[in-house]
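Asker: My questions concern the predicted model and sequence given below.
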Amino acid sequence: MSHLTTADARLSATGAEQLGLGVPGCAHPLLAPNEWAELSRPGTPLHWVVLNVANGPGDCPDPHGLAAAGRLTNAGVRVLGHIDLAHGRRTVAEVTAEAQRYREWYRVGGFLLDRCPTGRQDLPAVRSVTATLAALSDGGHLVLGHGTHPYPGYLEAADQLVTFSGPWADYRWSQVAEWTADHPPERFVHLVHGVPRTHLQEATRIARWQGAGTIFFTDRTDRLDRLGRGVGAGRLGPGRCCEETFGERGTRAQERRTRAGGLRLRGVHTGQISPYDTLPGYWDEFVSQIGPGVSE
């Protein structure tokens with residue numbers, strides 16, 4: 001975790017001082033080959049791209065995931081493995097095992113920990129998990145997918161926090177937590193879906209004003225899965241309740257708040273359709289608006 005290895009508190013956690021893009025995860029590379037190819041285009045201002053093969057790394061190496069991750073890594077783009085913390089209901093052993101498979105099979109440069117707890121009571125356990133993953137990935141980039149503002153101490157546990165994830169209708173009236181002003185924009189991520197093309201510049205101004213250094217906007221919206229349920233209505237990961245889960249002290253109220261701000265990422269076996277499965281219809285305009293990327 002880069003911000004823990006320097007005395008300069010304002011060092012960029014993303015490796016780039018300017019506003020850039022964090023792609024929370026397109027559909028499987030076999031289903032969205034054009035999207036993955038587009039992400040490796042030179043000059044795209046990407047801070048990172050999330051790889052989610054099968055609601056995690058899968059049970060065996062996936063050749064399509066390996067090829068997609070390899071192209072991005074060779075292009076100088078950081079690839080993060082998606083791991084679902086299930087609001088703290090997963091065991092440390094489960095999380096570590098998934099992280100090891102991501103590293104061994106896809107050579108990821110860090111992890112996005114989806115549905116991360118937000119409460120103060122869960123911080124010590126989350127810090128233990130992120131310390132383990134940082135060691136496993138040789139100081140790889142760690143992003144905590146809260147989807148809302150967590151207890152401020154979580155900044156000590158990772159490189160970046162996703163402090164907003166949700167629809168444009170909520171984002172345009174959202175308020176930023178005061179404590180974020182004490183930290184550089186490179187520490188915060190905003191993911192917004194349902195942003196109309198006509199409001200793209202307005203959304204970017206909001207992100208800059210609220211101090212987010214990594215963003216992703218899309219005009220795609222939540223859609224129903226084939227069972228008629230709303231996207232994000234169910235659990236995304238295989239986490240289970242047991243005595244060894246690291247966040248078992250989390251309250252139901254806190255879980256509801258986190259679930260409401262979920263990242264809307266999908267597993268290929270759930271039937272859910274995420275607004276992030278494909279790139280936005282205004283991708284070229286979005287990239288041009290942010291500016292050229294900075295190679296690491």
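Answerer: Perfect, thanks for sending it. Residues are numbered from 1 along each chain as shown.

Asker: Going by residue numbers, what spans are helices in the chain?
Answerer: Counting by DSSP state H, the chain has helices at residues 33-39, 63-74, 92-106, 123-136, 168-171, 200-210, 252-260, 283-290.

Asker: Output those as a markdown table; include the columns mean pLDDT and distance to Asp222.
Answerer: No exception for glycine: its C-beta is placed from N, CA and C like everyone else's. Supplementary listing: those in a markdown table, determined by pLDDT from 0 to 100; distance: least, CB to CB, whole Å:
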| stretch | mean pLDDT | distance to Asp222 |
| --- | --- | --- |
| helix 33-39 | 95 | 18 |
| helix 63-74 | 97 | 25 |
| helix 92-106 | 97 | 26 |
| helix 123-136 | 96 | 27 |
| helix 168-171 | 98 | 11 |
| helix 200-210 | 97 | 17 |
| helix 252-260 | 42 | 13 |
| helix 283-290 | 95 | 19 |
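
Asker: Arg187 is nearest to which of these?
Answerer: Of all the helices of the chain, it is helix 200-210 that lies closest to Arg187, at 12.3 Å by CB to CB.

Asker: the inter-axis angle of the closest one versus helix 283-290?
Answerer: 40 degrees (axes from the mean of the first three to the mean of the last three CA atoms, to 10 degrees).

Asker: What lies in contact with helix 200-210?
Answerer: With contacts defined as CB atoms under 8 Å, 6 or more residues apart in numbering, helix 200-210 is touched by 19, 164, 168, 171-172, 174, 176, 180, 185, 188, 190, 192, 195, 215, 217, 282, 285-286, 289-290.

Asker: Would you mind listing the buried residues in that helix?
Answerer: Neighbour-count burial for helix 200-210, counted by 16 or more other CB atoms under 10 Å, picks out 200, 203-204, 206-207, 210.

Asker: Please render these as CSV that adds distance to His82 to the earlier fields.
Answerer: Below are those laid out as CSV (distance: CB to CB, whole Å):
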residue, distance to His82
Leu200, 26
Ala203, 24
Thr204, 25
Ile206, 26
Ala207, 22
Gln210, 25
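
Asker: quick check, nearest of those residues to Gly43?
Answerer: Thr204 (18.2 Å).

Asker: Please report how far that closest one lies from Ile290.
Answerer: 8 Å (CB to CB, to the nearest Å).

Asker: for this structure, what are the low-confidence residue spans?
Answerer: Within the chain, the stretches with pLDDT under 70 are 1-17, 223-272, 293-296.

Asker: Mind jotting down where the strands sit in it?
Answerer: 20-23, 46-51, 79-84, 110-114, 141-145, 160-167, 188-193, 214-218 (DSSP state E).

Asker: Now restrict the contacts of helix 200-210 to buried residues only.
Answerer: 19, 164, 168, 171, 176, 180, 185, 188, 190, 192, 195, 215, 217, 282, 286, 290.

Asker: Phi, psi for the residue nearest to the last one when sequence neighbours are not counted please.
Answerer: When the adjacent residues along the chain are set aside, Ile290 lies closest to Pro45, with 4.7 Å between them (CB to CB, 6 or more residues apart in numbering). In this entry, Pro45 is assigned phi and psi values of phi -80, psi 60 (degrees, to the nearest 10).

Asker: and of the helices of the chain, who's closest to Glu156?
Answerer: That would be helix 123-136 among those, by CB to CB, at 6.9 Å.

Asker: Next, the buried residues of the closest one.
Answerer: Going by 16+ other CB under 10 Å, helix 123-136 has these buried residues: 123, 125-126, 129-130, 133-134.

Asker: Ala67 contacts Pro33, correct?
Answerer: No: judged on CB atoms under 8 Å, Ala67 makes no contact with Pro33 at a distance of 9.7 Å.

Asker: ok, now which ones touch the closest residue to Phe111 other than its chain neighbours?
Answerer: Counting by CB to CB, 6+ apart, Gly81 is the residue found nearest to Phe111 once chain neighbours are left out, at 5.0 Å. Residues counted as contacts of Gly81 (CB under 8 Å, 6+ apart) are 50-52, 56-57, 98-99, 102-103, 106, 108, 110-112.
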